[in-house]
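**Student:** Here you go, sequence then predicted model.
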Amino acid sequence: MDKLLELENITKAFDGLAANDRISLEIGRAEIHALLGENGAGKTTLMNVLYGLYHPDSGDIRLRGEVVRFSSPKDAIRNGIGMVHQHFMLIPAFTVAENIVLGLGSLSRPLLDLDSAGEKIQRLSRDYGLDVDPNAQVCNLSVGAQQRVEIIKALYRGADLLILDEPTSVLTPQEVVDLFDVLRRLVDEGHSVIFITHKLDEVMHISDRVSVLRDGKVVATVNTADTTKEELARMMVGREIVFRVDKEPMTPGETVLEVSGLEVDPEDERCSVDLKAISLSVRRHEILGIAGVGGNGQSELAGAVVGLFKPAAGRITILGQDIADRRTRGVVKLNVGRIPEDRQAQGLVPDFTITENLISTHFFEPPLSRRTFLNFPVIAELVRGLIGEYDIRPPRPTLLAKQMSGGNQQKLILARELNRNPDLIVAVQPTRGLDVGATEYIYRELLKHRERGAAVLLISTELEEILTLSDRIAVIFGGEILDTREAGEATIEEIGLLMAGVRPEQQGEGEKSR
């Protein structure tokens, strides 16, 4: 193998805990190398060391046969390394073009040639099937669009080693296929790719070799062709993984959530998609899955239901109570659990501790407080229990949320929202960034709460997730519910066509024409 990169005994510790423990890896030229591991296994830390964001405590990085030391990402970029982070490194107030050229030189110094940059961005968007407007302001983009900006930013810099940290987590199946086509073209041209993902099907489909990390150490590096999805899962979590969950048939009960004729204010700059008279209902013992390509109104729907956006038209009731005049805190008081799409911007306070985040939505209620004073013994007992139950790592109540891996941040949110046994759970991308073990656990948790009697509004761009968990499936496109079907009667092909905007009557016409 012609080696492009060698990591030799890389060690990196935080507060005495080793995130990377003497890790050694080799990346070949023109290969796609997958990096697998549980949340907190050290994958992102290792790549941040490689990218110059962290300095290793010990060990060497050898690039193209020479030992290199990066004091910053700028050094890594100069050496042909690009990275697309799981949590976006974008400035919300800047445009797409401004974010992409930030830190780069300009041919028209001291002025920025944003027109030329915009043309190149549009060309990359067309070439790679990444729909991004260079003049759009990042704060107005959906999570999926921001991910595409990060991918284009890396491609714009022309790296010959591209690190992708969960790059498909907000992409549709077709967009994943398009991205894989891009990666193969890059490899054909001599580029190398380090592909961090929790999706074992993707590893088997796209990678040449795969390295598995567990507890900060390399468990194994194998040729993808010589392994199986089940074997990789065992190496990741140290036990057998059940890839499908058993969903007991349930008889739906009373209606918990009723949405009728919902529209949002088109003047609200937070809303990038107008909702078109959306109507739906969710009952006890039921999971209603909202399927759709990212950016088709899912964020606006979820935001309206939990009180972030005030409806411009229509009505939302929870257990018969109209929430038109309630903001998020008032909706939470109706016993609603909220798992937001963006855990860092909407779900957590990064500079708060695990304890502070776990009680942040209900610290003012008994038994967590007494006569306006916090009941610290009760809080400590609650936090210890939730850390253990949800396997939050590291298990240190005083750890800041921003010091945790993305998957453990997600577990933190789930622990806070589900431990109160909510009547309604609004779950938006609940397993985004989670490994197979944690995903299996979250599936069981949602089904357990469904069995208990909760109503679950599940919004996910993962079609397999929707099909696995839902009792009914509604497909949203362009801010409109195109169709709602019983999960047992829905096929992947039909749901996929609906996600692409093909209405049911048009699907029938297509069948007749064939």
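**Tutor:** Nice, I can see it.

**Student:** Could you pull up the residues touching residue 427?
**Tutor:** 337, 339, 446, 456, 457, 458, 459, 460 (Cβ atoms under 8 Å, 6 or more residues apart in numbering). Quick note: C-beta positions are derived from backbone N, CA and C, even for glycine.

**Student:** My read is that the fourth one contacts residue 282, right?
**Tutor:** Yes - at 7.0 Å, residue 456 counts as touching residue 282 under the criterion of Cβ atoms under 8 Å.

**Student:** re earlier: among the contacts of residue 427, which one lies nearest to residue 52?
**Tutor:** When the contacts of residue 427 are compared for distance to residue 52, the smallest value, 33.3 Å, is given by residue 339; criterion: Cβ to Cβ.

**Student:** Pairing partners for that closest one in the sheet, please.
**Tutor:** Beta-bridge partners of residue 339, counted by DSSP bridges, are residue 427.

**Student:** Touching, it and residue 347? I think so.
**Tutor:** Yes - taking Cβ under 8 Å as the definition, residue 339 is a contact partner of residue 347 at 7.3 Å.

**Student:** So the two - more neighbours on which side?
**Tutor:** Each of residue 339 and residue 347 has its neighbours counted (other Cβ atoms under 10 Å); residue 339 has more, 28 against 22.

**Student:** Look at the more buried one and report its pLDDT.
**Tutor:** The predicted local distance difference test score for residue 339 is 93.

**Student:** Can you give me every residue that contacts it?
**Tutor:** Taking Cβ under 8 Å, 6+ apart, we find residue 339 in contact with 347, 413, 414, 417, 425, 426, 427, 428, 429, 430.

**Student:** Sort out for me which of these are in helices.
**Tutor:** Restricting these to those inside helices, with DSSP state H as the criterion, leaves 413, 414, 417.

**Student:** Next, work out how far apart the second one and residue 337 are.
**Tutor:** The gap separating residue 414 from residue 337 is 9 Å, by Cβ to Cβ, to the nearest Å.

**Student:** Pick out whichever of the two has more residues nearby.
**Tutor:** More crowded of residue 414 and residue 337, by other Cβ under 10 Å: residue 414, with 27 against 24.

**Student:** picking that back up, want to throw the contacts of residue 339 into CSV with distance to residue 404 and pLDDT?
**Tutor:** Converted to CSV, the contacts of residue 339 look like this (distance: Cβ to Cβ, whole Å; pLDDT from 0 to 100):
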residue, distance to residue 404, pLDDT
347, 12, 91
413, 11, 94
414, 13, 90
417, 17, 95
425, 22, 98
426, 23, 97
427, 20, 97
428, 20, 94
429, 18, 88
430, 17, 89
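
**Student:** Who are the packing partners of the strand or helix carrying residue 440?
**Tutor:** For residue 440, the host element (DSSP states H and E) is helix 436-452. Counting contacts by 3 or more Cβ pairs under 8 Å, 6 or more residues apart in numbering; DSSP states H and E, the secondary-structure elements packed against helix 436-452 are helix 229-237, strand 286-291, helix 406-418, strand 424-428, strand 455-460, helix 463-469.

**Student:** Can you name the residues in contact with that helix?
**Tutor:** Around helix 436-452, the neighbours that count as contacts under Cβ under 8 Å, 6+ apart are 38-39, 198, 200, 233, 236-237, 239, 241-243, 245, 247-248, 250, 285-287, 390-391, 407, 410-411, 414, 418, 421-422, 425, 427, 430-431, 434, 456, 458, 468-469, 471.

**Student:** What of stretch 42-50?
**Tutor:** Here stretch 42-50 makes contact (Cβ under 8 Å, 6+ apart) with 5, 7, 10, 12, 19-21, 23, 25, 35-37, 54-56, 61, 70, 76, 81, 83, 86, 163, 165, 194, 196, 213, 215-217, 405-406.
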